[in-house]
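Trainee: Sequence plus predicted model, see below.
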Amino acid sequence: MKLVISILITGTVATAIVDLWGIARRTMLGTSLPNYGMVGRWFAHMPRGRLRHSAIANTPSVGGERAIGWVAHYLIGVAFAAMLIGICGSAWIDQPALLPALAIGIATVTAPFLLMQPCMGAGIAASRMPDPSAARRQSLVTHTIFGFGLYAGGWVAHALSAL
């Protein structure tokens, strides 16, 4: 049970750090916040037999898609934390190390590049977006921030487990 709680804490902290990064990026660079409603729409259409969309924004909206997207966003973060701890072992929580967390964080960019973006109509690695290079850089930076978040989340989980 301690391991499950540590995974939940690590993934939640890492994902929250990504969200804080999004707010900082909006403030500093004027970029828009991610629209997790589109992620929710994508997930909500899956049980209806539709995984791939030519443009998710043109797909009919679904009630609660924003909430579905936010829940999915955090569950994905927790799943990636579970992957980190699954690869490194539960001892990682006792002594979180930056390099594995950063490596996993950066590796997770393959999920949007090869699954989410193509299925939502943006193409492989955002190739169908107006500025694919900018979208790729943004994804890579965000997932690198997520890696730092995994490391911070590991230390939070470690500290809370000592209480």
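Mentor: Great, that's in hand.

Trainee: I figured Ile124 was touching Pro118, is that so?
Mentor: Yes: in terms of C-beta atoms under 8 Å, Ile124 counts as a neighbour of Pro118; the distance is 5.2 Å. (Each C-beta comes from the backbone N, C-alpha and C, glycine too.)

Trainee: which residue is nearest the middle of the protein?
Mentor: By C-alpha atoms, centre = their mean, the mean C-alpha position of the chain lies nearest to Gly77, the distance being 5.0 Å.

Trainee: Who has more neighbours out of Ile124 and Pro118?
Mentor: Pro118 (19 against 12; other C-beta atoms under 10 Å).

Trainee: Verify the stated contact: the more buried one with His53.
Mentor: No: with contact defined as C-beta under 8 Å, Pro118 and His53 do not form a contacting pair (9.8 Å).

Trainee: re earlier: pull the contacting residues for the residue nearest to the centre of the chain.
Mentor: Taking C-beta atoms under 8 Å, 6 or more residues apart in numbering, we find Gly77 in contact with Gly11, Thr12, Ala14, Thr15, Val18, Phe146.

Trainee: Next, count neighbours for Ile23.
Mentor: 10.

Trainee: quick one on the thing from earlier: widest-spaced pair of the contacts of Gly77?
Mentor: Largest separation among the contacts of Gly77 by C-beta to C-beta: Thr12 and Phe146, giving 12.1 Å.

Trainee: Report all helices and strands that the lengthiest helix in the chain contacts.
Mentor: Secondary structure of the chain per DSSP state H: the longest helix is helix 132-161. Helix 132-161 is packed against helix 2-29, helix 65-88, helix 91-94, helix 98-107, with contacts defined by 3 or more C-beta pairs under 8 Å, 6 or more residues apart in numbering; DSSP states H and E.

Trainee: No further questions, thank you.
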